[in-house]
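J.: coords please:
(one chain, ligands or ions: 1)
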Amino acid sequence: MAITPMILPGPLARSWIKRDHAQLSPSYARAYPLVIDHGRGSEVWDTDGNRFIDMNAGIAVTATGHSHPLVVQAIKDQAERFIHMSGTDFYFDKLVLLGERLNDLRPLEEEIYTFFTNSGAEAVEVAIKLARHFTGRQHFIGFLGGFHGRTMGALSFTSSKAIYRKNFAPSMPGVIHIPFCNPYRPILANPEDKDYGDVVLDYLEEVIFAQMVSPGEVAGVLVEPIQGEGGYVIPTPNFFPRLRELCSKHEIMLIADEVQSGMGRTGKWWAVENFGIEPDIITSAKGIASGMPLGAVMARKSVMTWRPGQQGSTFGGNPLSCAAALATIDAIVNERMLENAIEVGDYAMDVLKGMQERHPTIGDVRGKGLMIGVEFVLDKQKKTIAHDHAENIVTKAFEKGALFLSCGKSSIRLSPALNISKQLMDEALSILEDAVAEAEAEL
Ligand SMILES: Cc1ncc(COP(=O)(O)O)c(C=O)c1O
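T.: Predicted coordinates:
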């Protein structure tokens, strides 16, 4: 039965949006007119009292759901003690405790050191600097479709949409982009029908390293284990093992940008664990503190060898954010959220695969845990990009009470809180199917 859409935005939301547009930078790109009033778990309500199921979690940020009681309490308790005491200049307990917890969760054999930042982009900046510092080299390899943030260093790698770079050149020199291992939309020809990961890495070795930059001059390879903003793209099995081998052979830092894919999103603490390899440097942010601003750069102790003063931050590792991160990790462990991400994620994948059979415009369904992408096409055989169609589906789903976001050229991503229930997932998926059917009828 078709779900009746709401008339959105309501009067209060409309008034806030008008005032917002009068004050705030026009660079903010809002997907739809949602003005949130409050949220609990995987549900949010707007200023006019309309309820939505949140399938984005603030773009993979509210890992434990909106306002998880443990996280709220931890922030309140810390705020009563002290709010700021720059970790760059002074010591405090929560920084140490969080460093210890992250060391326990590391996807590396060797122990790590952690540097705390305020955001994902800043974590990427720090990782770039660390790779240059450790190797004494200048060049980097990045991937087309990657998103690493908007600060100048991170932006030099970001290549998911041209608008992110428009009018901001020149960016940091020394970054060479190669195609990501996207098996659904391969850029490189694959006449021998190899694992596409091998095709991409043959290109890196035989073209880039042979003709552009010798591997001995490359400081790092910056890669998202699963591309996020670029379309929730999962590489093929050979990609990461061979990339690891290449980086080890040439002593290049393999930097896993886990800002979106980490902190349990795929049902493992770090998405690289799905591919059986160890990176050298890891960046984290988004879900790490359930919505409080925090990023982290983790590296083997033998790699993070810089001296006092070489890297610092006034706000990075803020006490409230560290308290929220400690509570986030406790909640994920105690409430079995990694297990839930796999159970509910697998369930959603099954439902979406069924939908794919019923709908002519669902070209691909891919995912690990609660990091799921659905790619829309106008023609399944030709895989014609269906950008406007995907956006139309997102808008219709919003009007029917579920918050989805697009990504890549014509995909919709599912990145809800790690503790979303099967019932809410079911409700959101039936809204999605309803929206798909309506949008297909309009094509
Ligand atoms: C993989 C990845 N890296 C870096 C960033 C940048 O993070 P932030 O927006 O916190 O600067 C993002 C944000 O979407 C991301 O997905």
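J.: Please make it C-alpha for all contacts and neighbour counts, starting now.
T.: Will do.
J.: so for stretch 357-371, what's the average pLDDT?
T.: Average pLDDT, stretch 357-371: 98.
J.: Which parts of the stretch 51-200 of the chain are strands?
T.: Ranges of strands within the stretch 51-200 of the chain are 51-54, 112-117, 139-143, 175-178, based on DSSP state E, counting those that start in this stretch.
J.: I'd like to know which of the ones you listed lies nearest to the ligand.
T.: strand 112-117 (9.6 Å; CA to the nearest ligand atom).
J.: Who are the packing partners of that closest one?
T.: Taking 3 or more CA pairs under 8 Å, 6 or more residues apart in numbering; DSSP states H and E as contact, the helices and strands that strand 112-117 lies on are helix 93-105, strand 295-300.
J.: so what's the residue positioned nearest the centre of the chain up against?
T.: Closest residue to the average C-alpha location of the chain: residue 260 at 2.0 Å, with CA atoms, centre = their mean. Residue 260 is in contact with 60, 228, 284, 285, 286, 287, counting by CA atoms under 8 Å, 6 or more residues apart in numbering.
J.: Likewise for residue 65?
T.: Contact analysis of residue 65 by CA under 8 Å, 6+ apart lists 40, 41, 42, 57, 290, 417, 418, 419, 420.
J.: Can you tell me which of these has the most neighbours?
T.: residue 418 (34 neighbours; other CA atoms under 10 Å).
J.: Check whether the helix-or-strand element of the chain with minimal mean pLDDT comes near the ligand.
T.: Every helix and strand of the chain was ranked by mean pLDDT, DSSP states H and E. The lowest is helix 57-60, at a mean of 94. No - shown here: helix 57-60 not in contact with the ligand (CA under 6 Å from any ligand atom), separated by at least 7.2 Å.
J.: List the contacts of that helix.
T.: 42, 63, 65, 66, 260, 265, 286, 287, 291, 415, 416, 417.
J.: Repeat the analysis, applying 6 Å as the threshold.
T.: Residues outside helix 57-60 that contact it (CA atoms under 6 Å, 6 or more residues apart in numbering): 415, 416, 417.
J.: Stretch 329-347 too?
T.: Contacts of stretch 329-347 (CA under 6 Å, 6+ apart): 264, 267, 369, 370, 418, 419, 422.
J.: buried stuff in it?
T.: Within stretch 329-347, the residues that count as buried by 16 or more other CA atoms under 10 Å are 329, 331-332, 337-346.
J.: now do stretch 387-401
T.: For stretch 387-401, by 16+ other CA under 10 Å, it's 387, 389-401.
J.: do stretch 105-114 as well
T.: Within stretch 105-114, the residues that count as buried by 16+ other CA under 10 Å are 106, 107, 108, 112, 113, 114.
J.: Relative to residue 59, how far out is the first one?
T.: For residue 106, the distance to residue 59 under the criterion CA to CA, to the nearest Å works out to 23 Å.
J.: same deal with the second one?
T.: When distances are taken as CA to CA, residue 107 and residue 59 turn out to be 23 Å apart.
J.: Let me know how buried the closest residue to residue 306 other than its chain neighbours is, in neighbour terms.
T.: Counting by CA to CA, 6 or more residues apart in numbering, residue 306 lies nearest to residue 133, which is 7.3 Å off, once chain neighbours are set aside. Each residue near residue 133 was counted by other CA under 10 Å, and the total is 17.
J.: Residues in a beta bridge with residue 368, which ones?
T.: Beta bridges link residue 368 to residue 371, judged by DSSP bridges.
J.: hang on, the earlier thing: now the strands of the stretch 51-200 of the chain in CSV, with distance to the ligand and mean pLDDT?
T.: Listed next are the strands of the stretch 51-200 of the chain as CSV, based on distance: least, CA to the nearest ligand atom, whole Å; pLDDT from 0 to 100:
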stretch, distance to the ligand, mean pLDDT
strand 51-54, 17, 98
strand 112-117, 10, 98
strand 139-143, 12, 98
strand 175-178, 16, 98
